[in-house]
Structures are given as C-alpha cells and as structure tokens.
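**Q** Any chance you could fold what I've pasted below:
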Amino acid sequence: MPPAAPRIVSVGTAVPPASYTQREILDLFGVTDPRITSLFLNGGIARRHLTLPPAGPDGTPREETQGELLAKHSTEGVRLGRAAVEDCLRRAGAAPADVRHLCCVSSTGFLTPGLSALLIKDMGLSRHCSRLDVVGMGCNAGLNALSSTAGWAALHPGGLAVMVCVEVCSAAYVFDGTLRTSVVNSLFGDGAAALAVTAPDAAGTGARAPGGPAVLRFAGRIIPEAVGAMRYDWDDAHGRFSFYLDPEVPYVVGAHAEGAVRRLLDGTGLHRSDIDHWVIHSGGRKVVDSVRVNLGLTRHDVRHTTGVLRDLGNVSSGSFLFSYRRLLDEDRVRPGDHGVLMTMGPGSTIETALLRW
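**A** Numbering: from 1, shown residues only. Below is the predicted model:
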C-alpha cells in the first residue's frame, strides 16, 4: 500500500504593527511625481504593513544604510517568523517541542547562520530539529519549500514539519525617485506566514487535523528567456541591493500559466473545471489579471488573492499562505474538494501544487 500523502494541518500569519495606506506612504516620503503617484494609487493596493525608519531632520523617513537594512531583516525576520510559527502551532494544537523539521524561506536579506538556526534558538526548538533555508528564490519560493517540507513529512510519518516564509520587504527598499524603484516601493509589504505538515504513521496517527488537505503533487515551469525579468542584485549607484521588475512580467507569467496547470493536472483525470479552489500569489494587479484571464478564472476564483493584495500588498513568498488562510476562514471547503496553489517569481518561474480535502 502506498504511504498516505502528507497533509497541511494548519497555517499561521504575522505582520508588523505599523500599517500605511498608499496615500500615507506618498505623503510620508513627500512624493509628488504624478507617474509615481499613479503607481501607488492604481495598483489594487489600499494598505501595507511596513517597518520604516524614524523620520530624519526634514520630517521624512531617514535613509537607511545597507547594514541597517540587513539588521532590520534579521531582527524583524526573527520576530515575524516566530509570531507566524507560534500562530501556526497554536492552530494545530502543537507545541514548539513537537517540531522536528523547520524550513525557512526569505528573499529580503542574507544571513549566515540562516533564519532557521536563529528561530530554533529563539523559540527553544529541539537541538535535533532538522532545518533548511531557502534563500533568494523570490516570490515563488513558498511552493519550492513546501515541496521539500512535504517530502520530509512523507519520509518521517508522524513527524511535524513547519515551513515559514519570512519577508521583510522594507529591508529591500531603495528610495531614489526613479520609476524602477518606485514600482517595487509601491508593491511589497512585510509579513510572515507558516504552514505545518505531517503524514500519518503506520497506526494512522500523526495528522493532528484530519480535515486538512492532502498534498498530492507539484509541478513547476521555468521560463529561462525571462531570467532577468525579476531580480534582486547589487546597485553600485546606491551601494546597496535593489529589486527590479520588468514591465512585461505580468504578460510573460500569464502566457505560461495554463501550461503550468496543465502539467500539474496531467494524468490525474482532473480538468481545470474540476478545481474548486484557487490560491494564487498576489503578485500585483496586472499579474493576477493576466493569470486569471489565461486560466479562464472568474474574479470570484481569485477573491482571496486580490483581497490580500488590497490589504497587505505583495508579501513575496508568503502571499499565497495569507490567501490560503482566508480560504480556510471562509469555511466553504468541503471533503473531496480539490485546490490549486500557484506562485510566480524570478527565473522566471511558475510553481504549482495540487491539494485534496
């Protein structure tokens, strides 16, 4: 008999205490350029949680050095990551001592040792907890990490694995008044989201929340010709890292979305019309619209994706988990339902996963 598929047993989220409307951010930084103002106010985002520096002598947030940005990534990353994991464990009815594997995802800073080691120390997890850090893969990385986390759970029946996406996007900001950086500054928000996964052992135990969905399979699609369309690299002009988004990204991703889903469903006997729930990365208004149109989805299908974008902005790798949390809170999922998770990011890459409740 094949082993039981790993199940997602809970999800937890966390955001910084400070949040700002798009207009408040524009006013805070004294932005008046109509092109930049339009980016902020017409992107489908109402509010974002951010960790901004204190005001300088001119009343605007002072410019942070690269060292200060990296320190913010570390400090806020541990704080947000811990809060998300604790929320996740509470919902699963588990304790930190139950965690046997921890996978941490982030693309908003570089740390050695990584967030996994820092969180194990900060939360007092077992010294024998295995760990993995997924760094620099961008907004798609949550599903890359879930594939690894589900694989660990399948090989360790009864063991509890936790994946946490920690994105302190305000630690990756450059404010220089150009359209390149303004696209990024108008889009991303800070936040963390954690997921707990386990597989039943031989006695049928180990799944703390039997109603959680089984993770059936994964499929990815990389678009090598668009390798430079989304990147986070060093900017000599500013002496710090800077994120870049090509304006054509929404259309490139949208054009390949159908092929990614077709590969995911190939051999399952399922068609797109059989999918009851769609949880798609909140990459931006144009990205979501492009994916929706190419997959033939309705606005209702992507309601949680657009809701997260509106309320939180793009929270990078953790965005889809915020949408997944909203799906569960809606309490409309029923046994036998199928769901598709989809994330998009640098590479350019589309990652997908198939769930069954």
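**Q** Report all helices and strands that the helix or strand where residue 251 lies contacts.
**A** Taking DSSP states H and E as the definition, residue 251 sits inside helix 249-265. The elements that helix 249-265 packs onto, with contact taken as 3 or more Cβ pairs under 8 Å, 6 or more residues apart in numbering; DSSP states H and E, are strand 214-222, helix 285-295, strand 338-345, strand 349-356. Heads up, the C-betas are built off the backbone N, CA and C, glycines and all.
**Q** Following element in sequence after it, please.
**A** Counting by DSSP H and E, what follows helix 249-265 is strand 277-280.
**Q** Give the rounded mean pLDDT of that following strand.
**A** Averaging pLDDT along strand 277-280 yields 98.
**Q** Same question for stretch 129-136.
**A** 96.
**Q** Take it, keep the C-alpha atoms, and write them as PDB.
**A** What follows is stretch 129-136, C-alpha atoms only, in PDB (Å, rounded to 0.1, in the frame of the first residue of the first chain):
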ATOM      1  CA  CYS A 129      15.300  19.600  14.700                       C
ATOM      2  CA  SER A 130      16.400  19.300  11.100                       C
ATOM      3  CA  ARG A 131      16.400  22.500   9.100                       C
ATOM      4  CA  LEU A 132      16.600  24.100   5.700                       C
ATOM      5  CA  ASP A 133      16.900  27.600   4.500                       C
ATOM      6  CA  VAL A 134      15.600  28.600   1.100                       C
ATOM      7  CA  VAL A 135      17.100  31.900   0.200                       C
ATOM      8  CA  GLY A 136      17.000  34.200  -2.900                       C
END
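**Q** looking at it, residue 20 is touching residue 47, isn't it?
**A** Yes - the pair residue 20 / residue 47 is scored as a contact, 6.7 Å apart, by Cβ atoms under 8 Å.
**Q** circling back: and the helix holding residue 251 with strand 338-345, angle?
**A** Going by axes from the mean of the first three to the mean of the last three Cα atoms, to 10 degrees, helix 249-265 is angled at 140 degrees with respect to strand 338-345.
**Q** chain center to helix 249-265, what's the gap?
**A** Using Cα atoms, centre = their mean, to the nearest Å, the mean C-alpha position of helix 249-265 is found 18 Å from that of the whole chain.
**Q** Could you check the angle it makes with helix 285-295?
**A** Computed by the same axes, to 10 degrees, the angle between helix 249-265 and helix 285-295 is 40 degrees.
**Q** And the nearest residue to residue 167 once chain neighbours are set aside, how far from residue 162?
**A** Closest residue to residue 167 apart from its sequence neighbours, by Cβ to Cβ, 6 or more residues apart in numbering: residue 316 at 4.0 Å. Residue 316 sits 18 Å away from residue 162, going by Cβ to Cβ, to the nearest Å.
**Q** before we move on, what about residue 246?
**A** 34 Å.
**Q** higher neighbour count, the two?
**A** residue 162 (30 against 15; other Cβ atoms under 10 Å).
**Q** Would you agree that one falls within a strand?
**A** Yes - if the criterion is DSSP: H, G, I helix; E, B strand; the rest coil, then residue 162 is within a strand.
**Q** I figured it hits residue 103, correct?
**A** Yes - between residue 162 and residue 103 a contact is recorded at 7.3 Å, counting by Cβ under 8 Å.
**Q** Mutual contacts of the two, please.
**A** Jointly contacting residue 162 and residue 103 under the rule Cβ atoms under 8 Å, 6 or more residues apart in numbering are residue 149.
**Q** circling back: show me what contacts the residue nearest to residue 167?
**A** Residues counted as contacts of residue 316 (Cβ under 8 Å, 6+ apart) are 107-108, 138-139, 165, 167, 169, 188, 345.
**Q** Now with 10 Å, please.
**A** Residue 316 is in contact with 105-108, 138-142, 165-169, 172, 187-191, 243, 281-283, 343, 345, counting by Cβ atoms under 10 Å, 6 or more residues apart in numbering.
**Q** Any of the residues you listed buried? List them.
**A** Using 16 or more other Cβ atoms under 10 Å as the burial test, those include 105-108, 138-142, 165-169, 172, 187-191, 243, 281-283, 343, 345 as buried.
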